[in-house]
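**Q** Mind looking at a prediction? Sequence and model below.
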Amino acid sequence: MVNYIRQYNKDTKRWEEWYRGATNAYHYVAATNTWEKMQYGDPREYKAHRYNAKTKLWEPAYSYNFDAITEKQFRATWNRSYTSANVKNHIDNGDMYMGKYGRHNTVENIIYDPIYWGNQRSLIGFDFAEIQKAISGKAVVSIDLYLKNKHTWYVAGGDANIITHSFTAPPSTFDYTENRIASTYFKRGQHKWVSLDTKFAKQLAEGTITGFGLMGVNDDPRYYGYYAGRDDDSHYPTIRIRYYNTDYVPDKKYQSDFWRSQLGDKPLSIGTVTTSNGPQYTEVQSGDGLWQISQRLINNGLVTGVTVNQMMERLMELNGFSSTNPFIYPNQKLRYK
C-alpha cells in the first residue's frame, strides 16, 4: 500500500510525489521544526507533516483523506507473440512483437518482407484473480500499463497500439476483445507508463477482459517493434491501478487547502497565489492524464498558441508536477493559466 502524500524537494524547490521514490525529497517534521530527508514507507512511521493553509498548522500527513488512495502493481505472468495468421510466432525469445517487419526498398529494389512474419501481434497476461481481488468493489482513480520498447523499424521510434483480450493463459490462436484502446509513440529503447481509460479497470474487475496486448494497426513500418516481456527482470510489463474504497469520497477541497509551493520552504494558501488576470483552473475527468487535459483545453479554445506537449509542460509547471504522468484524480482542479 502506498500513501499519496507530497513532500518538498529542497534541491528542486518543488513538491513531488512520494511514490516516485525521489532520493532528494524532504518532509517537514513539526516536532523538530526541520525539513528531513524522506524515507520510503508508511508516513506515520516517519512523522511526516503537511501544511494545512486553512488551520495554519502543520498536521500529520495521514490525517488527510487524500492518503486513502492506494496503488497496486501487477506484473505480467505470461506473454506470447503471434504471426498475422494468428498462430504462435516462430520467434520465441520472450519479447513481444507487433507490426510488420518489412517494406519494399524501391531505390535498391530490395524487398524486406519475410513471408512468415506478416503483421505480428502479442498478448500479455496477468494474475487475473489477484487483480479482481484487489479492485473489485473499489473506485478506480487511474490505470496505467508499463512497457519497455527494445526495437523499432525506424531509428527514431514508432507507435505502440494497445489492445485488450480475455485469455487466462497463453492461447494457441490469437484473438482480442477491443482494438486501439490506446496508441502512443515510443522512442527506440524508451520505457514508460501508458495511461488507459479507467473503464478497462472496471472490465478487469468484472472479468470482461483479463489483459492487454500489442498489434499493428496496418502494415506501416511505424507500427513494427518489439517490447520487453515478463522475463525481463528490469522492464517487465506491469499494470498499475490506483483506487479507494467506495465508502470514501475524495476531498475536493484538497487543492484549495494545500498549495504546493515552488517559491520556498513554506507552503502557501492557494488564495495568496494570484496573477494579474487571476489563476484559472480546469477539473480532472475520469480517465484523464495531462495529455488528455491539454488536448481538451486546446480543442475548447481555453488556451491558444501552444501544442499539446507545450500545454503539458505548462500544467506541470503551474501545478508542481515533476513528471508527465503525475497522480491526479477525478474532480481535482488543476491550474492551467
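**A** That came through, no problem. Numbering: from 1, shown residues only.
**Q** For the chain, give the helix that spans the most residues.
**A** helix 308-319 (DSSP state H).
**Q** Run through the residues that contact Gly207.
**A** 128, 132 (CB atoms under 8 Å, 6 or more residues apart in numbering). C-betas here are computed from N, CA, C, even on glycine.
**Q** Would you check how far apart it and Gly125 are?
**A** 14 Å (CB to CB, to the nearest Å).
**Q** do the same with Lys202
**A** 19 Å.
**Q** Asn93 too?
**A** 17 Å.
**Q** Surely Asn243 forms part of a strand?
**A** For the record, residue 243 is Tyr, not Asn. Yes - looking at Tyr243 with DSSP: H, G, I helix; E, B strand; the rest coil, it is inside a strand.
**Q** Leaving out chain neighbours, which residue sits closest to it?
**A** Closest residue to Tyr243 apart from its sequence neighbours, by CB to CB, 6 or more residues apart in numbering: Lys138 at 4.1 Å.
**Q** and the one you found, what does it touch?
**A** Contacts of Lys138 by CB under 8 Å, 6+ apart are 205, 243-246.
**Q** One more: Ile162?
**A** Contacts of Ile162 by CB under 8 Å, 6+ apart are 145, 180-184, 194, 196, 212-214.
**Q** Tell me how many other residues crowd the residue nearest to it when sequence neighbours are not counted.
**A** In space, and not counting its chain neighbours, Ile162 is closest to Ala182: 4.4 Å by CB to CB, 6+ apart. Ala182 has 17 neighbours, counted by other CB atoms under 10 Å.
**Q** Test my guess that Ala182 contacts Phe200.
**A** No - counting by CB atoms under 8 Å, Ala182 does not reach Phe200; the two are 9.0 Å apart.
**Q** show me where the stretch 51-200 of the chain has strands.
**A** For the stretch 51-200 of the chain, the strands defined by DSSP state E, counting those that start in this stretch occupy 57-60, 70-82, 96-100, 103-105, 110-112, 119-126, 138-152, 157-165, 178-187, 191-196.
**Q** Sort out which of the contacts of Lys138 are buried, if you could.
**A** 205, 243-244 (16 or more other CB atoms under 10 Å).
**Q** ok, of those residues, which one's closest to Arg230?
**A** Ala205 (22.1 Å; CB to CB).
**Q** Is that closest one in a helix, a strand, or coil?
**A** helix.
**Q** That one against Ser136, yeah?
**A** Yes - checked against CB under 8 Å, the pair Ala205 and Ser136 is within contact range at 4.8 Å.
**Q** got the buried residues for stretch 77-91?
**A** Buried residues in stretch 77-91, counted by 16+ other CB under 10 Å: 77-84, 88-89.
**Q** now for those, which pair is the farthest apart?
**A** Of all pairs in the buried residues of stretch 77-91, the most separated under CB to CB is Thr77 and Ser84 at 25.5 Å.
**Q** Do I have it right that Tyr176 meets Met215?
**A** Yes - using CB under 8 Å, Tyr176 makes contact with Met215 at a distance of 6.8 Å.
**Q** For the two, indicate the residue with more neighbours.
**A** Neighbour totals were compared for Tyr176 and Met215, and Met215 leads with 22 against 18 (other CB under 10 Å).
**Q** got a pLDDT number for that one?
**A** On pLDDT, Met215 comes in at 96.
**Q** and stretch 146-163, which residues are buried?
**A** Buried residues in stretch 146-163, counted by 16+ other CB under 10 Å: 146-150, 152-153, 157-163.
**Q** Flag whichever of the residues you listed scores worst on pLDDT.
**A** Trp153 (90).
**Q** who's in contact with that one?
**A** Trp153 sits in contact with 99, 101, 103, 221-222, 224-225, where contact means CB under 8 Å, 6+ apart.
**Q** Over to Tyr336?
**A** By CB under 8 Å, 6+ apart, the neighbours of Tyr336 are 280-282, 293, 297, 302-303, 311, 314-315, 318.
**Q** again, only this time at 7 Å
**A** 280-282, 297, 302-303, 314-315, 318 (CB atoms under 7 Å, 6 or more residues apart in numbering).
**Q** Can you lay out those residues as JSON lines showing distance to Tyr336?
**A** Shown next, in JSON lines, are these (distance: CB to CB, whole Å):
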{"residue": "Gln280", "distance to Tyr336": "6"}
{"residue": "Tyr281", "distance to Tyr336": "7"}
{"residue": "Thr282", "distance to Tyr336": "5"}
{"residue": "Leu297", "distance to Tyr336": "6"}
{"residue": "Leu302", "distance to Tyr336": "7"}
{"residue": "Val303", "distance to Tyr336": "7"}
{"residue": "Arg314", "distance to Tyr336": "7"}
{"residue": "Leu315", "distance to Tyr336": "6"}
{"residue": "Leu318", "distance to Tyr336": "7"}
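**Q** Leaving out sequence neighbours, find the closest residue to Tyr82.
**A** Using CB to CB, 6+ apart, the nearest residue to Tyr82 is Phe174, at 3.9 Å.
**Q** same question, Lys202
**A** Closest to Lys202 by CB to CB, 6+ apart is Val140, at 6.8 Å.
**Q** Wait, the one you found touches Ile241, no?
**A** Yes - here Val140 reaches Ile241: they are 6.1 Å apart, a contact under CB atoms under 7 Å.
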